[in-house]
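Student: sequence? don't have it. structure:
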């Protein structure tokens, strides 16, 4: 709460009739905590590892596999380990602590804790990926059944759950597109992939990585992908259209079938990026619009945790024509048992070790089964309702604008702009987010390119209540007021949070990188000398 904001007392009856969002008193713990390696105390132990049974023969390990020195692990008592990680946990925000609608395009939603109980059960957590198939029939059935659910949700014929994340699923799709045209002898000719500027950047990145030239379409005046620009770009060199719909602006392309038809008439394939499927579940499907492939992020739409960027899980879905190219092994059922089928001569090969991120596949399966078909559609409808309610609230904040599709509703998210506020006050969108951390929440601006100036991308999902959305809008309203009336308060934020300001060039300067503890210590010592 800002220093000059006074709580207003209301009677219970008044609160019931007209509840007002309040700005919570919040001050995050901040510990001057060293890295765990620097907390090590020689000789301390958290657990005593039992010595090997002397009656058992000593394993015959080749000399090259034997350690010459003990591993350089921290030596700490249980209590010290507990303190260390609890302190670090107090310096975090996340979906279970705050109103996490500010991670637009990420679809942050509540993950039911019963699903965590499932994956912590030893029958899941103690599995080994190299176990004999006969000992993992239950897991293979769960993955196979999840593939069947995603087939129904997408309308496709086959699904692979091997990709480890959404971007991996996008790369899986472009690899199958490449294999398809290679098998037809057209790969040398079809070397172009078309995408849009508001589709996820991974579409362009994966296509480029796979060796294709990327053609990017920009929106028309209303923010829709330009159909005339598509028609000008399509030709005999077109391999595929890779497109997100709704795009990261939250705008749904109503001419998507025409886009697909135009590419198909030129002999190309169409891949639907359905990472943003949270507003269309049970309402429309990739196959209904004529797509040949699609992918899902299970750690978005299907409620498996992001887990600070991983482990995630992805799904690639294809029509029968592209099924031969799916990653191997596939999980097949012969009527009696499930088995891993590696006999797939046209397969693009493995996208990752083994056959999927099993804990997150179990979570996604449980989430879908708990909701059922009607529940999935209800989740989508609630997400759309929440998004448009928040859109109504945010439109009223001084300094905010909503580029494109003026006056039209959005699907599951909106990319807003603080351009007017920046021009009036000099406060950037990123600074609004830093100040929001002082109220126990945050937001992410946008991924590049910053076509929308001073962006803010909000995606409420179905997990948040009207009171949550009112509170989040109240926080933004207060920070915008401060930007106009007490600019330095925002410029110098955060004041009550542990997050800090990253130097703008830090990620571009290799001298600031430290990807391991040894590298960090070396650079610390170099800086001191």
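Tutor: Yes, it's here. Nothing here was measured: the structure is a model prediction, and the numbers come from that model.
Student: which ones are touching residue 392?
Tutor: With contact taken as Cβ atoms under 8 Å, 6 or more residues apart in numbering, residue 392 is in contact with no other residue. (Each C-beta comes from the backbone N, C-alpha and C, glycine too.)
Student: element containing it, please.
Tutor: helix 358-395 (DSSP states H and E).
Student: and that helix, what's buried?
Tutor: Of all the residues in helix 358-395, those buried under the rule 16 or more other Cβ atoms under 10 Å are 358-368, 371, 375-376, 379-380, 382-384, 386-391, 393-394.
Student: can you name the element that comes right after that helix?
Tutor: Taking DSSP H and E as the definition, the helix or strand right after helix 358-395 is strand 414-417.
Student: mind checking how far the residue most central in space within the chain is from residue 305?
Tutor: Residue closest to the mean C-alpha point of the chain, counted by Cα atoms, centre = their mean, is residue 106 at 4.3 Å. Between residue 106 and residue 305 the distance, using Cβ to Cβ, to the nearest Å, works out to 11 Å.
Student: just residue 266 next, same as before
Tutor: When Cβ to Cβ is applied, the distance between residue 266 and residue 305 equals 41 Å.
Student: counting neighbours, go ahead and name the busier of those two.
Tutor: For residue 266 and residue 305, the more surrounded residue by other Cβ atoms under 10 Å is residue 305, and the numbers stand at 20 against 16.
Student: now for that one: which residues touch it?
Tutor: With contacts defined as Cβ under 8 Å, 6+ apart, residue 305 is in contact with 95, 111, 299, 360, 363.
Student: residues in contact with the first one?
Tutor: Residue 95 sits next to 108, 109, 110, 111, 305, 463 when contact means Cβ under 8 Å, 6+ apart.
Student: of all those residues, which two lie farthest apart?
Tutor: Farthest pair in the contacts of residue 95 (Cβ to Cβ) is 305 and 463. Separation: 12.6 Å.
Student: surely residue 387 and residue 415 touch.
Tutor: No. With contact defined as Cβ atoms under 8 Å, residue 387 does not reach residue 415; the gap is 11.7 Å.
Student: which residues are in contact with both of those two?
Tutor: Shared contacts of residue 387 and residue 415, defined by Cβ under 8 Å, 6+ apart, comprise residue 250.
Student: quick one on the thing from earlier: next, give me the two most distant ones among the contacts of residue 305.
Tutor: Checking the contacts of residue 305 with Cβ to Cβ, the most distant pair is 95 and 360, at 15.1 Å.
Student: what are the boundaries of the helices in the stretch 101-250 of the chain?
Tutor: Remark: helices assigned in the stretch 101-250 of the chain by DSSP state H, counting those that start in this stretch are 113-120, 122-125, 137-154, 166-183, 201-209, 227-233.
Student: ditto for the stretch 401-529 of the chain
Tutor: Using DSSP H, counting those that start in this stretch, the helices found in the stretch 401-529 of the chain span residues 419-425, 429-436, 466-485, 487-491, 517-528.
Student: quick one: closest of the ones you listed to residue 59.
Tutor: With Cβ to Cβ as the yardstick, what comes closest out of these is helix 517-528 (29.6 Å).
Student: ok, and what's touching that closest one?
Tutor: With contacts defined as Cβ under 8 Å, 6+ apart, helix 517-528 is touched by 35, 37, 511, 513, 514.
Student: list the backbone torsions phi and psi for the fourth one.
Tutor: Same thing as residue 513. According to degrees, to the nearest 10, the main-chain angles of residue 513 amount to phi -80, psi 140.
Student: for residue 526, see how far away it is.
Tutor: Computed as Cβ to Cβ, the residue 513 to residue 526 distance reads 13 Å.
Student: of these two, who's got more company?
Tutor: A count of neighbours by other Cβ under 10 Å puts residue 513 above the other of residue 513 and residue 526, at 12 against 9.
Student: flag the shaky bits of the stretch 201-350 of the chain, pLDDT-wise.
Tutor: Confidence mapping of the stretch 201-350 of the chain against pLDDT under 70 gives the ranges 307-311.
Student: which residues of it fall in strands?
Tutor: If you assign secondary structure with DSSP state E, counting those that start in this stretch, the strands in the stretch 201-350 of the chain sit at 213-217, 238-244, 269-273, 293-297, 314-318, 330-333, 338-341.
Student: hmm, residue 258 is touching residue 226, no?
Tutor: No. Counting by Cβ under 8 Å, no contact exists between residue 258 and residue 226, whose distance comes to 11.9 Å.
Student: helix, strand or coil for residue 68?
Tutor: Counting by DSSP: H, G, I helix; E, B strand; the rest coil, the backbone at residue 68 sits in coil.
Student: could you report the neighbour count for it?
Tutor: One way to gauge burial is a neighbour count; for residue 68, by other Cβ under 10 Å, it gives 5.
Student: got the contact list for it?
Tutor: For residue 68, the set of contacting residues under the criterion of Cβ under 8 Å, 6+ apart is empty.
Student: phi, psi for it please.
Tutor: Main-chain dihedrals, residue 68, degrees, to the nearest 10: phi -90, psi -20.
Student: who touches stretch 234-243?
Tutor: With Cβ under 8 Å, 6+ apart as the contact definition, stretch 234-243 has outside contacts at 170, 173-174, 177-178, 181, 187, 189-196, 199, 203-204, 206-207, 212, 225, 230, 253, 256, 259-260, 262-263, 266-273.
Student: what angle do the helix holding residue 392 and helix 137-154 make?
Tutor: 30 degrees (axes from the mean of the first three to the mean of the last three Cα atoms, to 10 degrees).
Student: thinking residue 253 is in contact with residue 246, fair?
Tutor: Yes. Between residue 253 and residue 246 there is a contact at 7.4 Å, judged by Cβ under 8 Å.
Student: ok, the most far-flung residue of the chain relative to its centre - contacts?
Tutor: Seen from the C-alpha centroid of the chain, the residue lying at the greatest distance (Cα atoms, centre = their mean) is residue 55, 50.4 Å away. By Cβ under 8 Å, 6+ apart, no residues touch residue 55.
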